[in-house]
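Engineer: what follows is a predicted structure for the sequence shown.
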Number of protein chains: 2
Amino acid sequence: MTSAKVELFEENLQQAAGYFKALAHPARLAILKYLAESKVCISGDISNELPLSRTTVNQHLKELKNTGLIKGSIDGVKVNYCLNPAKVKELKQILGDFLNTVELPEKFNCRD
Amino acid sequence: MTSAKVELFEENLQQAAGYFKALAHPARLAILKYLAESKVCISGDISNELPLSRTTVNQHLKELKNTGLIKGSIDGVKVNYCLNPAKVKELKQILGDFLNTVELPEKFNCRD
DNA sequence: GTTTTATGACGTATTTTTACGTCCTAAAGC
DNA sequence: GCTTTAGGACGTAAAAATACGTCATAAAAC
């Protein structure tokens, strides 16, 4: 029984957790940062920027693509990967919403 | 090989990724939300709130404790877990900083 | 037309995460 | 005293994430 229990939680928590997960690896953060800075690029370029093999970078790219944060369009042999502005916006919205739910009261009655 | 390559990335990306990872499971989000709402509680209470066994919840609590987001203080047999306001604040700061680095330009030159 | 280059697809090893069950301990109740 | 209750410690099994290497393919370069 070590099945995924993720779906037993509230819908919005699942969604937020999914986005957090997508950002839970420095390689993926580096990719997003790189794409945001350079606007458009190919995945080969990206693997040169990272201390990981091309195949591993590709896997991270695929993951970001699955969450919808990036898009890749075929251009002959090369693939242009770039950010999906709509999804990035949604991501920010959802993560922001969650973080607001853990707003802290002025004084927190917890002994140290 | 398959060793952790996380430490090969920029310090700030590592840190951000670590926080994102801490939030990458709905159970942990639910715990944080619950703690934020109820101010103080014991871990037994929490496992009643979640669709997971006590031991599993305990593991998630331990993970949140390792990242410093929550604190647990011994009170006889019972343990009061609560948010660590300082760390939560840091988390928001760091995640916000990262998200700002992926700010999007007005028009993004990517064909669909 | 052959070689190079870029990239996806596939397979696989290792590590980490997720999820429990069981046992142990120590206070609280009876 | 004995029993219940609460929770930590430990072990383990299954799944997912991480990291590569190798192969296949198709355009580009020569």
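Structural biologist: Looks like it arrived, so ask away. Source: prediction; values computed, not measured.
Engineer: what's the helix or strand hosting A:Ala17 packed up against?
Structural biologist: Element membership of A:Ala17 [criterion: DSSP states H and E] is helix A:11-22. Contact analysis of helix A:11-22 by 3 or more CB pairs under 8 Å, 6 or more residues apart in numbering or on different chains; DSSP states H and E lists helix A:54-67, helix A:85-101, helix B:11-22, helix B:26-38 as its packing neighbours. Where you see a C-beta, it was placed from the backbone N, CA and C, and this is true even at glycine.
Engineer: quick one: it to chain centroid distance?
Structural biologist: Distance of helix A:11-22 from its chain centroid, counting by CA atoms, centre = their mean, to the nearest Å, is 10 Å.
Engineer: returning to what we had before: which among the helices and strands packed on helix A:11-22 is found nearest to B:Leu104?
Structural biologist: Comparison of the helices and strands packed on helix A:11-22 against B:Leu104 by CB to CB identifies helix A:85-101 as nearest, at 4.8 Å.
Engineer: what angle separates that closest one from helix B:11-22?
Structural biologist: Here the directions of helix A:85-101 and helix B:11-22 differ by 70 degrees (axes from the mean of the first three to the mean of the last three CA atoms, to 10 degrees).
Engineer: residue of chain A nearest DNA strand C, please.
Structural biologist: Relative to DNA strand C, the nearest point of chain A is A:Gly44 (2.1 Å; CB to the nearest atom of the strand).
Engineer: now that residue: phi and psi?
Structural biologist: phi -60, psi -40 (degrees, to the nearest 10).
Engineer: what does A:Lys71 give?
Structural biologist: Here is the backbone geometry of A:Lys71 (degrees, to the nearest 10): phi -120, psi 150.
Engineer: excluding chain neighbours, what is closest to it?
Structural biologist: A:Asn84 (4.9 Å; CB to CB, 6 or more residues apart in numbering or on different chains).
Engineer: residues near the one you found, how many?
Structural biologist: Using other CB atoms under 10 Å in any protein chain shown, A:Asn84 has 21 other residues around it.
Engineer: A:Asn12 now?
Structural biologist: Neighbours of A:Asn12 (other CB under 10 Å): 14.
Engineer: A:Val40 too?
Structural biologist: A:Val40: 16 neighbours (other CB under 10 Å).
Engineer: A:Ala36 too?
Structural biologist: By other CB under 10 Å, neighbour count at A:Ala36 equals 18.
Engineer: tell me the bridge partners for the closest residue to A:Leu64 other than its chain neighbours.
Structural biologist: Spatial nearest neighbour of A:Leu64, chain neighbours left out: A:Ile70 (4.6 Å); criterion: CB to CB, 6+ apart. Judged by DSSP bridges, the bridge partners of A:Ile70 are A:Leu83.
Engineer: isn't A:Ile70 right up against A:Tyr81?
Structural biologist: Yes - counting by CB atoms under 8 Å, A:Ile70 does reach A:Tyr81; the two are 5.4 Å apart.
Engineer: find residues that contact each of these two.
Structural biologist: Residues within reach of A:Ile70 and of A:Tyr81 at once, by CB atoms under 8 Å, 6 or more residues apart in numbering or on different chains, are A:35, A:61.
Engineer: about what we covered before: with adjacent residues omitted, what lies nearest to the residue of chain A closest to DNA strand C?
Structural biologist: A:Gly44 sits nearest to A:Arg54 (CB to CB, 6+ apart), 6.9 Å away.
Engineer: distance of the closest residue to A:Pro85 other than its chain neighbours relative to B:Ser53?
Structural biologist: Nearest residue to A:Pro85, sequence neighbours excluded (CB to CB, 6+ apart): B:Leu104, at 4.8 Å. Using CB to CB, to the nearest Å, one gets 42 Å for the distance from B:Leu104 to B:Ser53.
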